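Visitor: Task: produce atomic coordinates for the following.
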Amino acid sequence: MSVLPESNAKDDGFDDESESEYTYTDCSESEDVSGDSGRGSLGGKSSDSSSAKVNKSFSDDFSMLAKDDSPYSTLKVEEFSESELEVSQSFAEWKKEIMDPISNIVKELQDQFGEELPKCKVKADKQPSNIVSLIGERDEDGNIHGEAEIYYDNGDYFWGDFNHGVKEGQASVVLKNGDNYMGVFKENHLDGFVTECIGFCDRDNVTREVFYEHGVRHGYYREIGPLKQVWAIGRFSNGKKIGTHWRWAEGNSFLVGAIDEQNKPHGDFNIYLYPDLTTAMVGHFDHGKMRTGHMVRLNSFRREFGIPIPQYCEKSETSGFQKYTFDQSTRYCISKTPFLQDPYEKRHVYVKESQIPFAGEGLWAKTDIKAGQLVALFNGSRQRHVWGVMSQTLAWSDYRISCEKDVDLDIEDKDISLANYRATLGHKTCHSFNNNAGFWPLWHPRFGLIMSVVANKEISAGEEVFVSYNYMMAKSPDWYREQWFEHMRENLEWSEKQIYNWALKELRSSGLHVKMLPPNRNSDRFLACGGCRDHVSQADASISCSMCLSWHHISCSGLEEDLLYREDSIEEWICSCCMA
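Guide: This is a model prediction of the structure:
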């Protein structure tokens, strides 16, 4: 484990045993959500299938600080200081260590700082004693000795070694509820490093690496979700989580501080680090909900028994000391503070007319954005699914996007305009199949679990941001299908046969037919019918004239369609023009 350097900056309100730090993310983890997850999103603003181009009129000189809070402003906000960037780099190195599920970070912390921790002052819970079944041997005094399996009357199970009636050595314990503990027993109690596989935060198969002392959790721990996503790291004292914890949140942001029994932040000075690990918000939380918070500037960090704690100075904003509160959307209200912009978005993006004709407004990069970096937030009114209710119908919306299994986010007509809503700007992102960004879940202390726009390649300042809306093709609007067929022909350079095979695959997978759209009439791909002059596609029943080789729809040939599939079908056919 690489050791973070000590910071010599002043201590800003964090005590060693403080219960005063952290922020909430539900115990969920990304379930293989694609970068363009969702039923749809973002309405009416579409790009052609060509790659986005840099706006040549965008100024390269950003020496002037932003004095305009408008989402249309291209003025750059104040740059991060050198100390902020140094702290962020240190946190990135710490993140790399703690997020590797096969690392030994818990053991390394315990080895390095375990002697500094206060001693355990509580006794372990009483262990079950009434044995229902024993598989093993007893010594001459009747005590269990050697390897044994025991089933207790309370439903617990033990497998391990005994030394004349005392549990000693490697063992496995399975409780009645299915929780499993693997570790070493000393004098009848778990002691040292233990691996737990438990049900926690409404999830099964959560792995917790944790140190015990005389049967009590006392030392460092790390929790890893069922999909091997690291959830949290911190320490136990006398059986309870205490001090500072680092908690992963959807979207690769982090919550730093104290937590309650359900891993939710509770108390003052809980710090939310945006995914860049530089933009920070500190607030007061009440069992997971931020009652009040404000932006701060990181200037250093200190270590509490090896766990880094961000140190900060207060940040004055152009509009004064701006306060933020938990403001999760509902079905009828997207936000109680619709004009309060997100500070991360103010730094990185702005809105102006899209370069795509008739697309309306688009989202543009104000700064250079790296691949994998958060670009913007996508909040919306919450539309819940009521499973099993046959009468439930959802009208089509270009903006609707899946957020959770039973929740979509949608932008209602009244909230599309920035004159009415600008708390988040992700809904201004236009569509392209040559997209430079995608949709990913993000947990935010103000909005809760929402979606976000994340770059999938480098985006230069002054470049428009595009996402793929990922509509179901058979249910998508006409403009979307038109762009997809153009993309297959112009960008992917698929043959008409390949496009037809794709349409068949869509039919098999969804059970819904996708109409084959014709190529441009001026294209070499356009095969005009000798009768109606419309395009003859691979999907059309058609026949070719044996003399002029022109193709005709069966409906234009005067033949019956089923003639093509009968055993006595004709071997050659001559069109009316050639017969004349």
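Visitor: Give the buried residues for the longest strand seen in the chain.
Guide: For the chain, the longest strand by residue count, based on DSSP state E, is strand 289-304. Across strand 289-304, burial judged by 16 or more other Cβ atoms under 10 Å covers 289-290, 293-302, 304. Any C-beta I mention is one placed from the backbone N, CA and C, and that applies to glycine too.
Visitor: and those residues, which two are the farthest apart?
Guide: K289 and S300 (28.7 Å; Cβ to Cβ).
Visitor: For I411, see how far away the residue nearest to F447 when sequence neighbours are not counted is.
Guide: Nearest residue to F447 in three dimensions, chain neighbours excluded: N379, at 4.9 Å (Cβ to Cβ, 6 or more residues apart in numbering). Applying Cβ to Cβ, to the nearest Å, the value for N379 to I411 is 9 Å.
Visitor: which stretches of the stretch 251-400 of the chain form helices?
Guide: 343-348 (DSSP state H, counting those that start in this stretch).
Visitor: Now do the spatially closest residue to K475 that is not a sequence neighbour: how many residues are near it, please.
Guide: Nearest non-adjacent residue to K475, counting by Cβ to Cβ, 6+ apart: L512, 7.1 Å away. L512 has 11 neighbours, counted by other Cβ atoms under 10 Å.
Visitor: I'd assumed A503 was in contact with L512.
Guide: No - taking contacts as Cβ atoms under 8 Å, L512 lies outside contact range of A503: 10.6 Å.
Visitor: Between the two, which contacts overlap?
Guide: Shared contacts of L512 and A503, defined by Cβ atoms under 8 Å, 6 or more residues apart in numbering, are absent.
Visitor: Now do the same contact list for L363.
Guide: 349-351, 375-376, 425-426, 428-430, 453, 464-465.
Visitor: Report the rounded mean pLDDT for the longest strand of the chain.
Guide: Throughout strand 289-304, pLDDT has a mean value of 95.
Visitor: Which strands or helices does it pack on?
Guide: helix 82-99, strand 267-273, strand 279-286, strand 307-314 (3 or more Cβ pairs under 8 Å, 6 or more residues apart in numbering; DSSP states H and E).
Visitor: Please save the CA atoms from that strand in CSV.
Guide: Written as CSV, here are the backbone C-alpha positions of strand 289-304 (Å, rounded to 0.1, in the frame of the first residue of the first chain):
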residue,chain,number,x,y,z
LYS,A,289,-30.9,13.1,3.2
MET,A,290,-28.9,16.3,2.9
ARG,A,291,-30.7,19.0,4.9
THR,A,292,-28.3,21.7,3.9
GLY,A,293,-25.0,21.8,2.0
HIS,A,294,-22.7,24.2,0.1
MET,A,295,-19.7,24.0,-2.2
VAL,A,296,-16.1,24.1,-0.7
ARG,A,297,-12.6,24.1,-2.2
LEU,A,298,-10.3,21.3,-1.2
ASN,A,299,-6.9,22.6,0.0
SER,A,300,-5.4,19.5,1.7
PHE,A,301,-6.2,16.3,3.6
ARG,A,302,-5.2,14.7,6.8
ARG,A,303,-5.2,11.1,7.9
GLU,A,304,-7.4,9.6,10.7
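Visitor: Taking helix 82-99 as reference, get the angle to it.
Guide: Strand 289-304 and helix 82-99 are oriented at 90 degrees to each other (axes from the mean of the first three to the mean of the last three Cα atoms, to 10 degrees).
Visitor: Report the central residue of this structure.
Guide: Nearest to the mean C-alpha position of the chain, by Cα atoms, centre = their mean, lies P441 at 3.2 Å.
Visitor: Find the nearest non-adjacent residue to it, please.
Guide: Nearest to P441 is E250, by Cβ to Cβ, 6+ apart, at 4.5 Å.
Visitor: Return the distance of that neighbour relative to H218.
Guide: 30 Å.
Visitor: Just want to know which of those two has more residues nearby.
Guide: Between E250 and H218, counted using other Cβ under 10 Å, H218 has the larger neighbour count: 25 against 21.
Visitor: I'd assumed K240 was in contact with the more buried one.
Guide: No - H218 is beyond contact range of K240, at 9.5 Å (criterion: Cβ under 8 Å).
Visitor: Confirm N177 sits in a helix?
Guide: No - assessed with DSSP: H, G, I helix; E, B strand; the rest coil, N177 is coil; it does not lie in a helix.
Visitor: How about the contacts made by G165?
Guide: G165 makes contacts with 139, 141, 143-145, as judged by Cβ under 8 Å, 6+ apart.
Visitor: Name the member of those with the most neighbours.
Guide: I144 (20 neighbours).
Visitor: Touching, that residue and I135? I think so.
Guide: No - using Cβ under 8 Å, I144 makes no contact with I135, being 10.3 Å away.
Visitor: where do the contact lists of those two overlap?
Guide: With Cβ under 8 Å, 6+ apart, I144 and I135 have common neighbours I150.
Visitor: what about N379 and I411, which has more around it?
Guide: The neighbour comparison of N379 against I411 (other Cβ under 10 Å) goes to N379, with 30 against 25.
Visitor: mind checking how far that one is from G288?
Guide: N379 is 18 Å from G288, where distance means Cβ to Cβ.
Visitor: M547: how many residues sit nearby?
Guide: 13.
Visitor: Which residues are in contact with it?
Guide: Going by Cβ under 8 Å, 6+ apart, M547 touches 574-575, 578.
Visitor: Give me the buried entries from the residues you listed.
Guide: For the contacts of M547, buried by 16+ other Cβ under 10 Å: C575.
Visitor: And the contacts of M547, which is closest to C529?
Guide: Closest to C529 out of the contacts of M547 is C575 (10.4 Å), distances taken as Cβ to Cβ.
Visitor: how close does E490 get to P519?
Guide: Counting by Cβ to Cβ - E490 and P519 are separated by 9 Å.
Visitor: With F305 instead?
Guide: In terms of Cβ to Cβ, F305 sits 67 Å off from P519.
Visitor: same deal with Q112?
Guide: Using Cβ to Cβ, which is the criterion applied here, Q112 is 66 Å from P519.
Visitor: Burial check on T325, number of neighbours?
Guide: Counted with other Cβ under 10 Å, T325 comes out at 16.
Visitor: now swap in G183 and tell me
Guide: Residues near G183, counting by other Cβ under 10 Å: 20.
Visitor: Mind telling me what element it is part of?
Guide: G183 is part of strand 180-186 when elements are defined by DSSP states H and E.
Visitor: List of residues touching that strand?
Guide: So strand 180-186 is contacted by 160-161, 167-175, 190-198, 212, 214 (Cβ under 8 Å, 6+ apart).
Visitor: Give me the distance from the very next helix or strand once past that strand to the chain's centre.
Guide: Next helix or strand after strand 180-186 toward the C-terminus (DSSP H and E): strand 189-190. A distance of 38 Å separates the centroid of the chain from that of strand 189-190, by Cα atoms, centre = their mean, to the nearest Å.
Visitor: what's the following helix or strand after strand 189-190?
Guide: Immediately after strand 189-190, counting by DSSP H and E, sits strand 192-200.
Visitor: Need the contact partners of that next one.
Guide: 27, 106-107, 110, 177-184, 186, 205-212, 223.
Visitor: Mind giving me the ChimeraX select for the residues you listed, buried ones only?
Guide: Here is the ChimeraX command that selects the buried residues among the contacts of strand 192-200 (16+ other Cβ under 10 Å):
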select :27,106,107,110,179,181,182,183,184,186,206,207,208,209,210,211,212,223
